[in-house]
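Asker: Compute the structure for the input listed below.
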Amino acid sequence: MIELDNLTKVFDTPKGAVTAADHISMKVPSGEICILLGPSGCGKTTSLKMINRIIRPTSGRVLINGEDTTNLNTQDLRRNIGYVIQQIGLFPNMTIEENITVVPRLLGWDKTRYRERARELMRMIALEPDAFLKRYPSELSGGQQQRIGVARALAADPPVMLMDEPFGAIDPINRAVIQDEFLKMQQDLKKTIMFVSHDIDEAIKMGDRIAIFRGGKLVQYSPPDELLAAPKNEFVESFLGEDRALKRLNLVKVRDLASEDIGMVTPDDTLTTALERIEAYGYQNSIVMVNDKRQPVGIVSAAIARTSKGHCRDHFQSVPVVVTLDDDLRKVASLMFANDMTWIPCVDDQGRIIGQITQRAITHHLGSRYRAHSGGVAGGAPGPAGEMSATTVHKE
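Answerer: Predicted coordinates:
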């Protein structure tokens, strides 16, 4: 959808020519979010602004849907591109409805159509239309104003959106909420988005692809997982940080690693039965207890099963936490550390157990991705398949 072809910008300054963007070439496929990332002054914002001609290129081309935009009328070009900036830029003398509908009104939409579009967008960004449309920007919080800025960019339903650090001025809690809402919208809208950020965590969370800039040059352009697993050079590696392996936890869902093979007992099973099932696996030291709805209700340890007699219902510990298939591994790892666990049961929407995620499976997954790129083998050969994702939940 968006292609930059040797896009270059040279600024004339009193000290001589400065190349802000140096022959940038990249393609952003339709419906994807591309994050432009790099240190201050690296050329990412200059590249973004050349797309809608806020800054005119010195040379090179911008193509949208295969069409060279060089000879397009600037106003027509901009009306087909949504633009969101960090400072939001709402018109203070206009109501929220008037702010959102600026472009549709310029395009000649009738009143009924643009007003309904404003209401539709307000619902999309989780703000009640009747409560907010007639207010002015000064009556809204910074986070609410930022949402309005996104809604305004979407008003005329442009195929392309440019976003220049759109969430940078928002506090971390609200920023995370807005990021999540925007990603949910994107699942339905499928816009093609160029997004400038300075935050590597935001880039990993939001981006289908990440472009790393340095000194006006495009250094690496890759999907987040590939970028983290195989940085192109020392600059990219240092920019991503020493914890880049942990950053990959954001990219993997529980469903990608969860094992369906999980040992279980019921409250009416004896401790002898529990111990037999624990020992059948050979290396774990506990087993999960489920009710008649297959919901995890407790953990029976091998130590208790060996030293006590009776039924599981009388000798169990509570299940500290559970996760769903849509949770990411960063959440899983955090819960494991907080609860001193090497496993967590996985449940469906009805709370029924459908498997487990283990620390061993996470470690192996992260390591295998790096081995695939390095061509080597780290930490020795993996054990049997069953050992790479432990087959019963257990607590050490």
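
Asker: Give me the phi and psi for the most centrally placed residue in the chain.
Answerer: Compute the mean C-alpha point of the chain, and by Cα atoms, centre = their mean the closest residue is residue 205, 2.3 Å away. Backbone geometry at residue 205, expressed as degrees, to the nearest 10, gives phi -70, psi -40.

Asker: and if you look at residue 287?
Answerer: phi -150, psi 150.

Asker: beta partners for it?
Answerer: In this entry, residue 287 is beta-bridged to residue 300, by DSSP bridges.

Asker: In this structure the residue nearest to the centre of the chain contacts residue 178, no?
Answerer: No. Using Cβ atoms under 8 Å, residue 205 is not in contact with residue 178; the gap is 11.7 Å. (C-beta placed from N, C-alpha, C; glycine too.)

Asker: ok so, going back, so for the residue nearest to the centre of the chain, what pLDDT did the model give?
Answerer: On pLDDT, residue 205 comes in at 90.

Asker: for it, what are its contacts?
Answerer: 179, 183, 250 (Cβ atoms under 8 Å, 6 or more residues apart in numbering).

Asker: How about the contacts made by the first one?
Answerer: Yep, that's residue 179 we're talking about. 167, 202, 205-206.

Asker: go on, residue 298?
Answerer: Residue 298 neighbours (Cβ under 8 Å, 6+ apart): 267, 288-289, 312, 316-319.

Asker: Let's see which of those residues end up in strands.
Answerer: 288-289 (DSSP state E).

Asker: Export the contacts of residue 298 as CSV, with columns for pLDDT and neighbour count.
Answerer: What follows is the contacts of residue 298, written out as CSV (pLDDT from 0 to 100; neighbours: other Cβ atoms under 10 Å):
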residue, pLDDT, neighbour count
267, 95, 16
288, 91, 22
289, 94, 22
312, 94, 23
316, 92, 22
317, 91, 13
318, 91, 8
319, 89, 22
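
Asker: Just put the contacts of residue 298 in JSON lines and tack on distance to residue 116.
Answerer: Putting the contacts of residue 298 into JSON lines (distance: Cβ to Cβ, whole Å) gives the following:
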{"residue": "267", "distance to residue 116": "56"}
{"residue": "288", "distance to residue 116": "51"}
{"residue": "289", "distance to residue 116": "54"}
{"residue": "312", "distance to residue 116": "59"}
{"residue": "316", "distance to residue 116": "56"}
{"residue": "317", "distance to residue 116": "55"}
{"residue": "318", "distance to residue 116": "51"}
{"residue": "319", "distance to residue 116": "48"}
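
Asker: my read: residue 347 touches residue 293, true?
Answerer: No. Using Cβ under 8 Å, residue 347 is not in contact with residue 293, being 10.8 Å away.

Asker: These two: which is more packed in?
Answerer: residue 347 (19 against 10; other Cβ atoms under 10 Å).

Asker: ok, now how distant is the more buried one from residue 41?
Answerer: Per Cβ to Cβ, to the nearest Å, residue 347 is found 48 Å from residue 41.

Asker: Residue 231 too?
Answerer: With Cβ to Cβ as the criterion, residue 231 and residue 41 are 21 Å apart.

Asker: who has more neighbours, these two?
Answerer: Higher neighbour count among residue 231 and residue 41: residue 231, with 20 against 14, using other Cβ under 10 Å.

Asker: for the contacts of residue 205, which one is nearest residue 212?
Answerer: residue 250 (17.3 Å; Cβ to Cβ).

Asker: In contact with that closest one: list those residues for me.
Answerer: Here residue 250 is in contact with 201, 204-205, 328-330 (criterion: Cβ under 8 Å, 6+ apart).

Asker: farthest pair in those?
Answerer: Maximum distance among the contacts of residue 250 (Cβ to Cβ): 14.3 Å, for 201 and 329.

Asker: okay, these two: which has more neighbours?
Answerer: residue 329 (24 against 14).

Asker: wait, isn't the more buried one in contact with residue 255?
Answerer: No. Counting by Cβ under 8 Å, residue 329 stays clear of residue 255, with 10.8 Å between them.

Asker: in the stretch 1-150 of the chain, which spans are helices?
Answerer: With DSSP state H, counting those that start in this stretch as the criterion, the stretch 1-150 of the chain has helices at 44-51, 74-79, 96-100, 102-106, 111-124, 129-132, 142-154.

Asker: which one of those lies closest to residue 218?
Answerer: helix 44-51 (8.3 Å).

Asker: which other helices and strands contact that closest one?
Answerer: When contacts are defined as 3 or more Cβ pairs under 8 Å, 6 or more residues apart in numbering; DSSP states H and E, helix 44-51 packs onto strand 2-13, strand 16-28, strand 33-37, strand 160-164, strand 192-197, strand 209-214.

Asker: gap between that helix and the chain center?
Answerer: The chain centre lies 23 Å from the centre of helix 44-51; the measure is Cα atoms, centre = their mean, to the nearest Å.

Asker: Of all pairs in the contacts of residue 179, which one spans the longest distance?
Answerer: 167 and 205 (10.7 Å).

Asker: low-confidence ranges in the stretch 1-150 of the chain?
Answerer: 86-88 (pLDDT under 70).

Asker: hmm, try it at 90
Answerer: 1, 12-16, 39-41, 65-67, 70-90, 103, 106-108, 123-127, 141-150 (pLDDT under 90).

Asker: I'd like the helices and strands packed on helix 44-51 as TSV, with mean neighbour count appended.
Answerer: Output for the helices and strands packed on helix 44-51, formatted as TSV (neighbours: other Cβ atoms under 10 Å):
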stretch	mean neighbour count
strand 2-13	17
strand 16-28	17
strand 33-37	26
strand 160-164	22
strand 192-197	24
strand 209-214	24
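
Asker: For residue 225, which of these is the nearest?
Answerer: strand 209-214 (10.0 Å).

Asker: Start and end of stretch 47-65, how far apart?
Answerer: 18 Å (Cα to Cα, to the nearest Å).

Asker: Show me which residues of it are buried.
Answerer: For stretch 47-65, the buried set under the neighbour-count rule, 16 or more other Cβ atoms under 10 Å, comprises 47-53, 55, 57-58, 60, 62, 64.
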